[in-house]
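In: pasting a predicted model and its sequence here:
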Amino acid sequence: MAAQVHLAYDYPLLSAFWTMLWFFVWVLWFVLLFRIVVDVFRDDALSGWAKAAWLVLLIVLPFLGVLVYVIARGRHMGRREAAHLHRQQEAFDAHIREVAGTDTRSASGVDELAKLSDIRARGDISDEEFRRAKEKILH
């Protein structure tokens, strides 16, 4: 029993605080690094060479690279993120409208079919004319 036993009270409260602080700073650092890498790839204004240069800087000198990126291009990171989210939301909404069948084209098609049905009900067109017009609207 020559091994020394470390109990919880051997680790002072301030040391526990500093350990947690450094852990959270480390996690924050990786979150920032990954956000910058995503921002580099997402930015359409950058050429392929510029993207490669930023990535090399971020990999070779990560602390300096992140600092320089945030100073040079950090102001517009939020705008690019918001624009990306806006495009993503528009695409999602368009998909939902398409799947639900409430697309503006189909809404106008439904209106045209309703008008066509009323015209046929009044007897202004024959069933054959109604069928041809309906096929034209649906296709």
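Out: Noted; the coordinates are in hand.

In: using the three-state scheme, assign residue 3.
Out: Recorded secondary structure, residue 3: coil (DSSP: H, G, I helix; E, B strand; the rest coil).

In: check residue 45 too.
Out: Quick answer, by three-state DSSP: residue 45 is coil.

In: and it, how many neighbours does it have?
Out: 8 (other Cβ atoms under 10 Å). For the C-beta atoms, the positions are set from N, CA and C on the backbone; glycine is no exception.

In: longest single helix anywhere in the protein?
Out: The longest helix of the chain (DSSP state H) is helix 13-42.

In: tell me which helix or strand of the chain sits lowest on mean pLDDT?
Out: helix 104-122 (a mean of 77; mean pLDDT, DSSP states H and E).

In: and the pLDDT at the residue most central in space within the chain?
Out: Of all residues in the chain, the one closest to the mean position by Cα atoms, centre = their mean is residue 85, 4.6 Å from it. With respect to pLDDT, residue 85 scores 92.

In: now swap in residue 10 and tell me
Out: Looking at residue 10, its pLDDT reads 66.

In: so the closest residue to residue 36 other than its chain neighbours is in which element?
Out: Among residues not flanking residue 36 along the chain, residue 69 sits closest, at 5.3 Å (Cβ to Cβ, 6 or more residues apart in numbering). Counting by DSSP states H and E, the element that carries residue 69 is helix 62-73.

In: helices and strands around the helix or strand following that helix, which ones?
Out: Next in sequence after helix 62-73, counting helices and strands by DSSP H and E, comes helix 77-100. Packed against helix 77-100 by the contact rule (3 or more Cβ pairs under 8 Å, 6 or more residues apart in numbering; DSSP states H and E) you find helix 13-42.

In: average model confidence for whichever helix or strand comes after the helix it packs on?
Out: Following helix 13-42 in sequence order, the next helix or strand is helix 48-60 (DSSP H and E). For helix 48-60, the mean pLDDT works out to 94.
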